[in-house]
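Participant: take this sequence and fold it.
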Amino acid sequence: MSIVIKTIGKKQYAYHAYRSGDRVLQRYLGNVTDRNVSATIKALKAENRVPQWLHPLFWDVDPATISIRGNARYVIERILETGSLEAFQWLQDVYPTRLIAETCSTSRKISEKSRNFWETWMGRNANAH
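Facilitator: Numbers count the residues shown, from 1 in each chain. Sure, this is the predicted structure:
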């Protein structure tokens, strides 16, 4: 997902570019100077970022640079290893359970203690769903 700004004449127009299967689609948002368009752009950008309250879990990087789509495995690993139940609930809102369970069972960055906890929490067969 990204925001594309096109300049036509002296005006700027915003488009929301996103992937749908193999295709990249663009949805027209409107003139950049419009308050509603600016708010929409801000909300769309925030959607693809780790929320502020989770930033302490990402102490070794600039959390503003983490894309929750592009860095999915990294985000899942970090939350499963050092996050709280509230962080896990956010994780479930953002990612499919199958991806969380798969990352939990295959990652080398998740300790056995954490892996056992989360596999028990999700149910040992969570990755079968």
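
Participant: partners of S2 in the sheet?
Facilitator: Beta-bridge partners recorded for S2 (DSSP bridges): A17.

Participant: and it, what's its pLDDT?
Facilitator: S2 is assigned a pLDDT of 74 by the prediction.

Participant: list the contacts of it.
Facilitator: Contact partners of S2, counting by C-beta atoms under 8 Å, 6 or more residues apart in numbering, are H16, A17, Y18. From N, CA and C alone the C-beta is placed, and that goes for glycine too.

Participant: how many residues are close by the last one?
Facilitator: Using other C-beta atoms under 10 Å, Y18 has 14 neighbouring residues.

Participant: distance of it from T65?
Facilitator: 20 Å (C-beta to C-beta, to the nearest Å).

Participant: wait, which of the contacts of S2 is closest to T103?
Facilitator: Distance to T103 across these (C-beta to C-beta) is lowest for Y18, with 23.1 Å.
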